[in-house]
Each structure stands twice: as C-alpha cells, then as structure tokens.
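Q: got a structure for you, letters missing:
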Ligand SMILES: Nc1ncnc2c1ncn2[C@@H]1O[C@H](COP(=O)(O)OP(=O)(O)OP(=O)(O)O)[C@@H](O)[C@H]1O
C-alpha cells in the first residue's frame, strides 16, 4: 500500500446473493484527506461504506486500515479497531437513541471504552458538544428536541468521543435543510483541519462533492468509472 494511506481498499467486492453491488473497487484515503464517492442511487456507495466499516463483510478484497487488513479479523479482533473508524449516516435522528439525552449518547463511547470517570467525563462531553457548535446545555435534551442540523452535530460529537482517525460520512447533509448544510460541512472541514481526520465522503450531489472533496471517485453499477 502507499506509505501514507490511512485507508487502502483493494479489489473490494460486495454481493447480496447473486447481485454484485460493489465490483472490484479500489481506492485510498490519506490522513487529513477527503475522498468522495459519487454516483447515482444504487451504484454501490453505501455498500462500499458498510464494507469499509466492516458492518457488512465483503465477499472478497482487502480493507487495510492503518496498514492492518480488517476483512480477516474476527469480531473480537475488530473491537479495538472499530472506535477509530466512525460512521456518520444520513438520518441525523437514526444514530441517536430517542430515549437517551444527548449527553448520555456522547458519553457512551467514553464509558464503553473505559475512558470515563465522574470528574473528567462530564467535562469531556461538554467540550465535545462545544467543539461541534452546540451549547453544552443541549446535553440535557433528547434528540427530538433538536433540529436535524443540531442532531447531526450531536452525532458527530458522539463519533469524535471515540477519537477516530477516519470518518465514513454517508450522505451526512442530504437529509438536512439546505440552509443548514453549509454549516455542518464547514464544521466537518474545521474538524479535519484540527484533528487530521481522513474522510470517506459519500454523496450523490456533485456540487457538494466538488466543493468539499479533495478527490472524487465516480461509481456506476458497482464499478469505479473515474477517479
Ligand atoms: N441489504 C441488501 N440486500 C440486497 N440488495 C441490496 C442491499 N443493500 C443494497 N442492495 C442493492 O445493492 C445495490 C447498491 O446499493 P447501495 O445502497 O450500496 O447503493 P448507493 O449508491 O448507496 O445507493 P443509495 O444512494 O440509493 O443508497 C442496489 O442495487 C441495491 O438495491
């Protein structure tokens, strides 16, 4: 793999039964880089994202993250790797439990990963909310008490709590009101500058892709046609 790749995807194939959704797709993402996957509905973008996240195991091919091949790892072996590759999905409300307050949603990764204590934990949650542009008082609210844009920011705070190196952003602004999209994209750009995160950015909107991505891969019917 190229020495500086954070993510190196090689010859990825994802099948659902007889249907090939992703057909020998290869790409890399460097730290601090945004690679966009662009293409029409059904071309295989989300299937690629799920395979990178190892939420759907690919039929063949390799997914190297920080030089380590993930497709051959067991669930137990993947456990320490998962926090470092965090998803942000299209539905801002879908990634947060409706029953939990925002502060608990953001605290959960810290608790699960054994990084929580009663003194620093709440401070860390407040800092994460502040970092994504939410007043820490929003921590008291439930997801349905937030707008779509605020909820997506809370989901990003929760993702950051895991101290990821790569964010897999699957249509992160597509469900948002056009007036708040730019704010969330600017936030993502700022976080990338600050933290050196790599982004795999899935988006069907060419104008957004052109504005936001460093490089673009065009997909059609499971294949890369340019990029
Ligand atoms: N769980 C599944 N079972 C069977 N077929 C699936 C499944 N998920 C996706 N597909 C099919 O795989 C192909 C690729 O779908 P995928 O969702 O990856 O594309 P996409 O480019 O992300 O499209 P969209 O933007 O509409 O989500 C499509 O033909 C889709 O119908």
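A: Cool, got the structure. Computed from a prediction, not measured in an experiment: that's the story for all the values here.

Q: skipping its backbone neighbours, what lies nearest residue 98 in space?
A: residue 143 (5.6 Å; C-beta to C-beta, 6 or more residues apart in numbering). C-betas here are computed from N, CA, C, even on glycine.

Q: thought that neighbour was touching residue 96?
A: Yes: using C-beta atoms under 8 Å, residue 143 is in contact with residue 96, at 4.5 Å.

Q: the two: which is more packed in?
A: Taking other C-beta atoms under 10 Å, residue 143 and residue 96 do not tie; residue 96 has more neighbours (24 against 21).

Q: give me the low-pLDDT residue ranges for the protein?
A: 1-3 (pLDDT under 70).

Q: residue numbers of it in contact with the ligand?
A: 16, 19, 21, 39, 41, 42, 43, 44, 45, 46, 47, 204 (C-beta under 6 Å from any ligand atom).

Q: sec struct for residue 9, please.
A: strand (DSSP: H, G, I helix; E, B strand; the rest coil).

Q: for residue 58, which non-adjacent residue is spatially closest?
A: In this structure, residue 58 finds its nearest non-sequential neighbour in residue 51, 4.4 Å apart by C-beta to C-beta, 6+ apart.

Q: for residue 64, same thing?
A: Spatial nearest neighbour of residue 64, chain neighbours left out: residue 8 (4.1 Å); criterion: C-beta to C-beta, 6+ apart.

Q: and residue 203, by the same measure?
A: residue 209 (5.1 Å).

Q: can you list residues touching both of residue 143 and residue 96?
A: 102, 105, 151, 154 (C-beta atoms under 8 Å, 6 or more residues apart in numbering).

Q: what about the third one, neighbour count?
A: Using other C-beta under 10 Å as the criterion, residue 151 is surrounded by 25 other residues.

Q: go ahead and confirm it touches residue 94.
A: No: the criterion here is C-beta under 8 Å, and residue 151 misses it with residue 94 at 9.4 Å.

Q: verify the stated contact: residue 84 with residue 167.
A: No: counting by C-beta under 8 Å, residue 84 does not reach residue 167; the two are 10.3 Å apart.

Q: phi, psi of the residue nearest to residue 203?
A: Dihedral pair for residue 209: phi -60, psi -50, per degrees, to the nearest 10.

Q: which residues touch it?
A: Contact analysis of residue 209 by C-beta under 8 Å, 6+ apart lists 36, 38, 201, 203, 216.

Q: check which helix or strand covers the first one.
A: Read that as residue 36. Element membership for residue 36, per DSSP states H and E: strand 34-38.

Q: and the next helix or strand after that strand, how far out from the chain's middle?
A: Reading on from strand 34-38 to the C-terminus, the next helix or strand found by DSSP H and E is helix 45-52. Here helix 45-52 shows a centroid-to-chain-centroid distance of 11 Å under the convention C-alpha atoms, centre = their mean, to the nearest Å.

Q: repeat for stretch 69-78
A: On C-alpha atoms, centre = their mean, the centre of stretch 69-78 falls 19 Å from that of its chain.

Q: now do stretch 205-217
A: 16 Å.

Q: what residues of that stretch count as buried?
A: 208, 209, 212, 213, 216, 217 (16 or more other C-beta atoms under 10 Å).

Q: just the endpoints, please. Distance across it?
A: Using C-alpha to C-alpha, to the nearest Å, the end-to-end distance of stretch 205-217 comes to 13 Å.
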